[in-house]
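*Asks:* after the sequence you'll find the predicted model.
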Amino acid sequence: MHVIATVGHVDHGKSTLLQALTGSDPDRLDEEQRRGMSIELGYCWTHLREAGDVAFVDVPGHERFVSTMLAGVGPVPAVLFVVAADDPWMPQAAEHLAALDALGVGAAVVAVTRTDLADPAQAMACVRQQIRATTLRGAPVVPVSARTGEGLPQLRQAVSTMLTQLPAPSPAADIRLWADRAFRVEGAGVVVTGTLQEGTIRVGDELQHGSGPRLRVRGMEALGRSREQVCGVARVALNLTGKGVDQLGRGSALLTPERWLSTSTVDVRLSCPQEARDLPEQLTLHIGAGRLGCHLRPLDKTTARLRLDHPLPLRPGDRALLRDPGSRAAFGVQVLDPAPAPLARRGDAVRRADQLSRHPGIPDLSWEVGTRGPVDASFLTLLGVDPHARTAGVVRMGSTLLSTSDVVTLRARIVDVVTEDARRLPLTLGLTPTALARELGLDRAELVEALVEPPLYLTRGRVTLRSPGRVPPSLERPLAVLRQDLAKNPYAAPSLDRLRELGLDARAVAALHSSGHLLRVGDGVVLLPGAEHAAVTLLAELPQPFTTSEARQALSTSRRVVLPLLAYLDHQGITRRLPDDRRTVGLGPGSTADGVRGGEELIAPA
Ligand SMILES: Nc1nc2c(ncn2[C@@H]2O[C@H](COP(=O)(O)OP(=O)(O)OP(=O)(O)O)[C@@H](O)[C@H]2O)c(=O)[nH]1
Ligand SMILES: [Mg+2]
């Protein structure tokens with residue numbers, strides 16, 4: 001399906017032209033019939049041979065209904081711009097054109113209509129002139145009469161050609177459906193209509209609205225027929241159930257749950273002739289089918305920070321319109337960063353403007369990683385940035401992505417911190433990754449572990465500058481075999497028989513433990529160094545507190561291993577044992593674990 005919105009000056013013949021194209025009248029309200037003008041958004045559809053099903057959103061042209069016009073046009077990818085041959089260029093034609101230009105709409109057909117009333121040549125020349133410097137430049141201009149039908153076949157052809165050239169939206173995209181109407185239907189409940197831009201909605205799906213509980217799609221219609229699933233682009237009517245469904249209205253966004261970042265602060269690029277500092281501070285933002293108040297703070301000539309009156313699900317590249325309701329001036333904004341850091345210090349705004357000047361205007365992994373520093377893959381997904389995109393200069397370490405230059409800088413800082421620690425405390429065994437992460441302002445210890453490489457070593461859970469001791473030649477081979485065994489299943493500690501078979505007696509195990517090649521968590525229970533940290537990551541994902549048996553299952557291991565491992569983690573203060581024998585991960589009240597600065601770092605001789 002395709003979706004097109006009409007635009008154009010009041011009374012220029014938009015609704016009449018749609019009736020001629022589709023056979024149905026988009027003006028469905030009694031008041032619209034009585035007054036002979038559109039007041040609300042209207043909907044109708046037809047089938048074009050080349051383009052297939054085409055749904056139209058008819059907007060009112062009257063100057064009082066600009067917001068309604070924008071709600072109709074906002075989410076729609078293409079427009080039919082209607083100009084009367086007998087009344088060429090009028091204020092709302094100009095206002096609508098400016099809005100389309102600001103929103104970056106490029107897919108358009110211009111219909112110069114009512115050709116039975118006047119020769120269209122002058123109107124056609126005029127409209128070509130007007131669109132020349134806008135995103136509509138090059139759009140076909142087709143003369144037509146809704147009254148006589150002359151030109152309708154050519155108009156259908158032009159619309160088909162324009163639609164078939166549009167890029168196909170992704171059926172797998174996350175849903176963000178901007179509701180343009182919400183109403184109650186006797187017996188069914190709340191129905192919401194909107195233009196689905198991309199993605200697929202199925203009956204039974206759950207959708208999120210704001211921070212409320214999820215809503216369920218009980219039924220769905222498109223083009224007047226009930227559907228089990230609909231892919232964007234499409235006009236859809238959803239019958240929704242769930243708590244809070246009555247809060248839905250024009251401008252509400254229905255979302256794929258947990259895939260969007262809701263934000264009230266957003267950095268944008270402006271497209272307007274004035275400099276940002278000459279714009280009013282209080283403006284109205286029109287985005288999707290919604291509008292809301294916002295406060296604008298200029299960053300430089302062309303970028304600004306917006307504070308929205310309420311949070312919205314936004315991603316880099318989103319287009320919106322800012323309007324000054326007083327002067328009616330409107331200009332375009334492009335979302336660059338929906339999750340900007342606060343501007344706290346002097347010079348922050350200038351630095352921010354410089355970063356934004358390099359933003360490509362679409363979700364971009366290099367920009368995110370280069371600007372934010374180490375960032376979690378799940379956060380990037382919320383921004384619509386593909387964390388798996390192959391990008392030069394971006395390194396993946398576990399779930400964290402960072403730039404190659406951050407890798408170098410962070411490693412150098414770890415070396416500095418570890419060197420300073422060793423200088424202050426000659427008997428130190430090194431710093432835990434958690435402590436280093438805190439020191440470096442990183443939120444993940446795993447990232448520190450991943451950054452460790454010579455001259456840094458991770459030995460017995462601590463980062464040091466000393467390499468693990470040399471392995472006696474006779475133990476090299478058994479150690480290599482053990483490493484292989486444990487690589488397959490890190491918590492399947494070798495049995496005593498297996499250790500014996502490899503020639504590793506208690507003395508050899510002790511030697512490999514104290515030289516940092518093995519981690520002995522209990523009598524005869526050895527793992528690879530670092531296994532304890534990986535275990536903590538898995539245990540932290542369990543519902544807290546967890547039982548020994550849940551820990552055993554999470555680590556796919558046996559009681560023989562899990563009991564000493566948990567005891568070891570308790571001893572390290574990484575887990576905490578509760579009176580009922582369950583445990584929690586993390587610092588509990590009174591725990592002294594991870595007190596890494598100062599004397600606690602000195603570990604008693606083994
Ligand atoms: N003669 C003639 N009259 C037309 C034609 N198209 C529209 N009209 C007339 O123009 C007037 C306005 O038409 P509408 O279709 O309501 O205009 P509109 O653009 O939808 O107006 P708004 O929705 O209020 O902005 C009506 O009286 C129509 O009958 C046409 O091709 N020829
Ligand atoms: Mg109309």
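*Replies:* Thanks, I have the structure now. Ligands and ions are numbered 1, 2, ... in the order given.
*Asks:* now the residue of the stretch 401-550 of the chain at minimum distance from ligand 2: how far from ligand 1?
*Replies:* Per C-beta to the ion, Leu401 is where the stretch 401-550 of the chain lies closest to ligand 2, at 49.7 Å. (Glycine included, C-beta is placed from N, CA and C.) Noted for Leu401: a distance of 49 Å to ligand 1, by C-beta to the nearest ligand atom, to the nearest Å.
*Asks:* repeat that for Leu356.
*Replies:* Distance of Leu356 to ligand 1, given as C-beta to the nearest ligand atom: 38 Å.
*Asks:* what's the answer for Gly224, then?
*Replies:* 21 Å.
*Asks:* one more: Arg413?
*Replies:* 63 Å.
*Asks:* can you check Asp364 too?
*Replies:* Counting by C-beta to the nearest ligand atom - Asp364 and ligand 1 are separated by 40 Å.
*Asks:* for that residue, give me its contacts.
*Replies:* Pro316, Val385 (C-beta atoms under 8 Å, 6 or more residues apart in numbering).
*Asks:* now do the phi/psi pair for it.
*Replies:* Here is the backbone geometry of Asp364 (degrees, to the nearest 10): phi -140, psi 120.
*Asks:* look at it and report its pLDDT.
*Replies:* Asp364 carries a pLDDT value of 95.
*Asks:* and what of the one 5 residues further on?
*Replies:* According to the prediction, Val369 has pLDDT 94.
*Asks:* check Ala329 too.
*Replies:* pLDDT, read off for Ala329, is 87.
*Asks:* what do you get for Met37?
*Replies:* On pLDDT, Met37 comes in at 87.
*Asks:* tell me if it really is in a helix.
*Replies:* No. Looking at Met37 with DSSP: H, G, I helix; E, B strand; the rest coil, it is coil, so not inside a helix.
*Asks:* give me the neighbour count for it.
*Replies:* 16 (other C-beta atoms under 10 Å).
*Asks:* give me the distance between it and Asp485.
*Replies:* 80 Å (C-beta to C-beta, to the nearest Å).
*Asks:* per-residue confidence for Asp594?
*Replies:* With respect to pLDDT, Asp594 scores 36.
*Asks:* for the one 3 residues further on, same thing?
*Replies:* Taken from the predicted model, the pLDDT recorded for Arg597 is 28.
*Asks:* quick revisit: parallel or antiparallel, which strands does the helix or strand harbouring the residue of the stretch 401-550 of the chain closest to ligand 2 pair with?
*Replies:* Here Leu401 sits within strand 400-403, counting by DSSP states H and E. On the basis of DSSP bridges, the sheet neighbours of strand 400-403 come out as strand 375-376 (antiparallel), strand 394-397 (antiparallel).
*Asks:* mean neighbour count, the ones you listed: which tops it?
*Replies:* Greatest average neighbour count among the strands paired with strand 400-403 goes to strand 375-376 (a mean of 20), per mean count of other C-beta atoms under 10 Å.
*Asks:* follow-up on the earlier one: which parts of the strand holding Leu401 are buried?
*Replies:* For strand 400-403, a neighbour-count test (16 or more other C-beta atoms under 10 Å) marks Thr400, Leu401, Leu402, Ser403 as buried.
*Asks:* ok, the second one - contacts?
*Replies:* For Leu401, the set of contacting residues under the criterion of C-beta under 8 Å, 6+ apart consists of Leu365, Val369, Pro374, Val375, Asp376, Ala377, Leu380, Pro387, Val394, Val395.
*Asks:* so what touches stretch 562-573?
*Replies:* With C-beta under 8 Å, 6+ apart as the test, stretch 562-573 has contacts from 461, 491, 521-523, 525, 527, 532, 535-536, 539, 548, 551-552, 555, 557, 575-577, 583, 587, 591-594.
*Asks:* ok, now which ones touch His9?
*Replies:* Gly61, Val83, Ala84, Asp87, Met90, Pro91, Gln92, Ala93, His96.
*Asks:* avg pLDDT for stretch 523-535?
*Replies:* 83.
*Asks:* hmm, I typed the wrong one, I wanted stretch 84-103.
*Replies:* pLDDT averaged over stretch 84-103 gives 91.
*Asks:* and what of stretch 178-196?
*Replies:* For stretch 178-196, the mean pLDDT works out to 93.
*Asks:* how long is that stretch end to end?
*Replies:* 8 Å (C-alpha to C-alpha, to the nearest Å).
*Asks:* now swap in stretch 60-77 and tell me
*Replies:* In stretch 60-77, first residue to last residue: 18 Å (C-alpha to C-alpha).
*Asks:* out of the buried residues of strand 400-403, who's nearest Val79?
*Replies:* Set against Val79, the nearest of these by C-beta to C-beta is Leu401 (38.3 Å).
*Asks:* who does that closest one form a beta bridge with?
*Replies:* Val375, Arg396.
*Asks:* name the SS class of the residue in the stretch 151-300 of the chain positioned nearest to ligand 2, please.
*Replies:* Scanning the stretch 151-300 of the chain for proximity to ligand 2 using C-beta to the ion identifies Asp180 as nearest, at 15.9 Å. Recorded secondary structure, Asp180: strand (three-state DSSP).
*Asks:* just checking, it touches Ala71?
*Replies:* Yes. Proximity of Asp180 to Ala71 meets the contact threshold set by C-beta atoms under 8 Å, at 5.3 Å.
*Asks:* may I see the contacts of Leu401 arranged in JSON lines, with distance to ligand 2 as well?
*Replies:* As requested, the contacts of Leu401 are exported to JSON lines (distance: C-beta to the ion, whole Å):
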{"residue": "Leu365", "distance to ligand 2": "44"}
{"residue": "Val369", "distance to ligand 2": "48"}
{"residue": "Pro374", "distance to ligand 2": "53"}
{"residue": "Val375", "distance to ligand 2": "48"}
{"residue": "Asp376", "distance to ligand 2": "49"}
{"residue": "Ala377", "distance to ligand 2": "48"}
{"residue": "Leu380", "distance to ligand 2": "43"}
{"residue": "Pro387", "distance to ligand 2": "46"}
{"residue": "Val394", "distance to ligand 2": "50"}
{"residue": "Val395", "distance to ligand 2": "56"}
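*Asks:* Throw those into JSON lines and include distance to Gly106, thanks.
*Replies:* JSON lines is the format used below for the contacts of Leu401 (distance: C-beta to C-beta, whole Å):
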{"residue": "Leu365", "distance to Gly106": "26"}
{"residue": "Val369", "distance to Gly106": "30"}
{"residue": "Pro374", "distance to Gly106": "37"}
{"residue": "Val375", "distance to Gly106": "32"}
{"residue": "Asp376", "distance to Gly106": "35"}
{"residue": "Ala377", "distance to Gly106": "33"}
{"residue": "Leu380", "distance to Gly106": "28"}
{"residue": "Pro387", "distance to Gly106": "30"}
{"residue": "Val394", "distance to Gly106": "31"}
{"residue": "Val395", "distance to Gly106": "37"}
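*Asks:* hang on, the earlier thing: the strand holding Leu401: what's the following helix or strand?
*Replies:* Per DSSP H and E, the first helix or strand lying C-terminal to strand 400-403 is helix 404-424.
*Asks:* quick check: chain neighbours aside, which residue is closest to Leu223?
*Replies:* Trp45 (5.1 Å; C-beta to C-beta, 6 or more residues apart in numbering).
*Asks:* in which helix or strand does the one you found reside?
*Replies:* Per DSSP H and E: strand 42-48 holds Trp45.
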